[in-house]
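**Q** 3D model of this:
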Amino acid sequence: MKLPFHLRLLGRILYRQSTREHEQGALGPMCDLCPHTEALKDSAELRIQLQKLLLFINKDILPDRLQLESLYGKSSCNCFAIHDLDLKDIGVGLYPQAAMINHSCKSNCVSTFRGTKLQIRALVDIQPGEEICYSYTEKGNITRERRDVLSKYFFDCQCPYCLDDDREAIMKSVKCPSCQAQVKPNKNERYEKCSSCGFSDFTAEFYEDLKDYVQYADDVMHKPRNCLVELDKILHPDNIHVVRILVGAFAAAVKLQEWTKAIEYGKRLDRAYELYLPPNEPDTGLLYYKMGKAYYHLGDSENALISLRKAKKLLCVAYGRDSQLVDYVEDWLEFCEE
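**A** Presented below is the predicted three-dimensional model:
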């Protein structure tokens, strides 16, 4: 059995605290973090997690039960996912000062990494007195899913994205069975009438099919391209389940060097990111970077340059002009300009 990232982090904190008489240095600010011990107290999840930890850790370095629960709460509720240049999670870390920053699904800053060093970078101009917020969860998820994740951080979000009913409806939109136009659900998640052709015969069978397609999308996330053809029969291209499958299909096409497919999926993702992500998001910059490489391999230097220049502009904001990722983009720009 392998320890989850957050338990490895807790084990490392316990070891470091056992080697010093008092909290100091990087661990000192942990005192200011909220442990949420009352909410965690007597929970089955807490017992299970601590039992896992005890299988791997030297009992001599353990504090008393109350302090252990407090450290668990502080580390698990305030940790950051550490990711690589492709934004894939490779671990977690505790950054007490950064943990003080509040959440907003519509964030104005982003956390990026250089190795294990965390940077908080502004995505837009932030005015004096304006609160700095970053997103604790995936911005492209529907509100219910985001709130489920946020509940683990004991956070209730009321940001513009969470209160935007139209954005939520677009995420759940389907194709009109008659004319294929976009049909958005009402607040009760019922599809009433197509605004393009007037079709309104959304039968019980339609809802059963819709439920099956959504479940199908969740079940085949690791086989994205086989799934897209089926989902396109009923779900609108802006539906969030289609977008999730597109993310996987694009990644697979790039990995397999299927550049024509990568461009096809990338163009569809470009629209989705414009709909659902704030300006200057790293995900959008990475999309343009990979599309630029795909265009280059297809011999289309003109579109490669357009995509790579967009990528550089966005990634300079998210990572900084002196970052390794921006260096990679500049190398590809040189290839295309030769």
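
**Q** Show the contacting residues for Glu69.
**A** Going by CB atoms under 8 Å, 6 or more residues apart in numbering, Glu69 touches Pro35, Thr37, Leu40, Lys41, Leu46, Leu50. In short, each C-beta sits where N, CA and C put it, glycine included.

**Q** Phi and psi next, for the nearest residue to the first one once chain neighbours are set aside.
**A** Okay, so that is Pro35. Distances taken as CB to CB, 6 or more residues apart in numbering put Gly73 closest to Pro35, at 3.5 Å, once the chain neighbours are dropped. Reported as degrees, to the nearest 10, the phi and psi values for Gly73 are phi -60, psi -40.

**Q** do you know how far the spatially most central residue of the chain is from Val124?
**A** With distances taken as CA atoms, centre = their mean, Glu138 lies nearest the centre of the chain, 3.3 Å away. Relative to Val124, Glu138 is positioned 19 Å away (CB to CB, to the nearest Å).

**Q** Can you report phi and psi for Ile101?
**A** Main-chain torsions, Ile101, degrees, to the nearest 10: phi -70, psi 130.

**Q** Please report how far it lies from Arg271.
**A** From Ile101 across to Arg271, the span is 30 Å (CB to CB).

**Q** The two - which one has more neighbours?
**A** Neighbours per residue, other CB atoms under 10 Å: of Ile101 and Arg271, the larger number sits with Ile101, 17 against 13.

**Q** what's near enough to touch the more buried one?
**A** Ile101 neighbours (CB under 8 Å, 6+ apart): Cys109, Ile120, Ile132, Cys133, Tyr134.

**Q** Neighbour-wise, which one of those residues leads?
**A** Busiest of these [other CB under 10 Å] is Cys109, holding 21 neighbours.

**Q** That one: what's it in contact with?
**A** Ile101, Ile120, Arg121, Ala122, Leu123, Ile126, Ile132, Cys133, Tyr134.

**Q** and which of the contacts of Glu69 is nearest Trp332?
**A** Using CB to CB, Pro35 is the member of those that lies nearest Trp332, at 46.0 Å.

**Q** Give the closest residue to Cys162 in space, chain neighbours not counted.
**A** Nearest to Cys162 is Thr143, by CB to CB, 6+ apart, at 5.3 Å.

**Q** buried stuff in stretch 89-106?
**A** Neighbour-count burial for stretch 89-106, counted by 16 or more other CB atoms under 10 Å, picks out Gly91, Val92, Gly93, Leu94, Tyr95, Pro96, Ala99, Ile101, His103, Ser104, Cys105, Lys106.

**Q** same question, stretch 159-171
**A** Those would be Cys159, Tyr161, Cys162, Arg167, Glu168, Ala169, Ile170, Met171, for stretch 159-171 by 16+ other CB under 10 Å.

**Q** Could you measure from the closest residue to the second one other than its chain neighbours over to Cys162?
**A** So that's Tyr161. Nearest non-adjacent residue to Tyr161, counting by CB to CB, 6+ apart: Cys105, 4.0 Å away. Computed as CB to CB, the Cys105 to Cys162 distance reads 6 Å.

**Q** and for those two, which residues touch both?
**A** Contacts common to Cys105 and Cys162, judged by CB under 8 Å, 6+ apart, are Arg146.

**Q** State the number of residues packed around the residue nearest to Pro35.
**A** 21.

**Q** Next, find the distance separating it from Lys59.
**A** Applying CB to CB, the value for Gly73 to Lys59 is 21 Å.

**Q** Same question for Leu33.
**A** Taking CB to CB, one finds Leu33 at 25 Å from Lys59.

**Q** Compare these two (neighbour count), which wins?
**A** Leu33 (18 against 6).

**Q** any idea of the pLDDT on that one?
**A** Leu33 is assigned 86 on the pLDDT scale.

**Q** Ignoring the adjacent residues along the chain, who's closest to it?
**A** Counting by CB to CB, 6+ apart, the residue nearest Leu33 is Lys74, at 4.4 Å.

**Q** next helix or strand past the helix or strand harbouring that neighbour?
**A** Assigning secondary structure by DSSP states H and E places Lys74 in helix 65-78. Helices and strands here follow DSSP H and E; after helix 65-78, the next one along the chain is strand 79-83.

**Q** all strands for the stretch 51-200 of the chain, in order.
**A** Remark: strands assigned in the stretch 51-200 of the chain by DSSP state E, counting those that start in this stretch are 79-83, 89-94, 102-103, 109-114, 117-122, 133-134, 174-175, 182-183.

**Q** I'm done for today, thanks for sticking with me.
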